[in-house]
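K.L.:
Here is my input; please provide its structure:
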Amino acid sequence: MRANKKKKNGTLTGISTTYVGQYNNKDHNKIKSKIVKRIIEMSQTEPNNKRSNELGWQSSTDFYKEECIKDLAPFIDECLLDYIKKNDIHSVVKNYKITDVWANVCPKYSFHRRHTHPNSDISGAYYISLPSSAPELLLINPHRYMRFITLGSADTEINPQEGLFILFDSGIEHEVNINLNEEPRISLAFNCQLEK
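P.N.:
The predicted model follows:
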């Protein structure tokens, strides 16, 4: 009589954990002024390409063509590669492509309503110029209603700092609270597609 083959036990499949990457650009002060100057100039002369920004201004999504952010590119690439590696998806990702970059200007009383970034895999925000008490970025926990007693239901709040680059899954809902400062909150937003 042949012995029954033991079934493999303890295999995990399903939804993977979502991570938020936070990276500080030590060279931010060297590039800040020229980026701010260009964004303010554009916000006064070019149309508002409104997506999520209420009472503020957003550039077109081809801001990556602007000369003022060329020095930022190596830092962004380094962060993306690190984020892909730490999310343990580097074995299936052959390449990545930044598809959209746009500037955001949030003057007093403006905010970003809750939204996602469709048609991309990884999204990011880079903080260029901030008031002293800039509103935080709120990332909504997609599992907030599941087993909240044992796992917690808290969303993630990111307190922005100049030169901070945030990376997260494009499908995560996020929003930015109202800017109550006289000074504008100036940032860049990124979308990236992964090639498998």
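
K.L.:
Which strand or helix spans the residue nearest the centre of the chain?
P.N.:
Geometric centre of the chain, nearest residue: residue 124, 2.2 Å, by Cα atoms, centre = their mean. Element membership for residue 124 (DSSP states H and E) is strand 122-129.

K.L.:
helix or strand right after that strand?
P.N.:
strand 137-139.

K.L.:
List the strands paired with that next one, with their directions.
P.N.:
Within its sheet, and counting by DSSP bridges, strand 137-139 is paired with strand 156-158 (antiparallel), strand 174-176 (antiparallel).

K.L.:
what residues does the strand holding residue 124 touch?
P.N.:
Here strand 122-129 makes contact (Cβ atoms under 8 Å, 6 or more residues apart in numbering) with 25, 32, 35-36, 39, 72, 76, 79-80, 83-84, 96, 117, 134, 137, 160-170, 183-192, 194. For glycine as for every other residue, the C-beta is placed from the backbone atoms N, C-alpha and C.

K.L.:
repeat that for 7 Å
P.N.:
The list of residues contacting strand 122-129 from outside it, by Cβ atoms under 7 Å, 6 or more residues apart in numbering, reads 32, 35-36, 83, 117, 137, 160-170, 186-192.

K.L.:
quick revisit: what bridges to the residue nearest to the centre of the chain?
P.N.:
Counting by DSSP bridges, the residues bridging with residue 124 are residue 167, residue 190.

K.L.:
for the record, mean pLDDT for the longest helix that the chain contains?
P.N.:
Identified as the longest helix of the chain according to DSSP state H is helix 28-45. Averaged over helix 28-45, pLDDT sits at 98.

K.L.:
quick one: the helices in this protein?
P.N.:
Using DSSP H, helices in the chain cover 28-45, 73-86, 148-151.

K.L.:
okay if I get those helices as a markdown table plus mean neighbour count and distance to residue 111?
P.N.:
A markdown table is the format used below for the helices of the chain (neighbours: other Cβ atoms under 10 Å; distance: least, Cβ to Cβ, whole Å):
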| stretch | mean neighbour count | distance to residue 111 |
| --- | --- | --- |
| helix 28-45 | 15 | 17 |
| helix 73-86 | 16 | 25 |
| helix 148-151 | 9 | 26 |
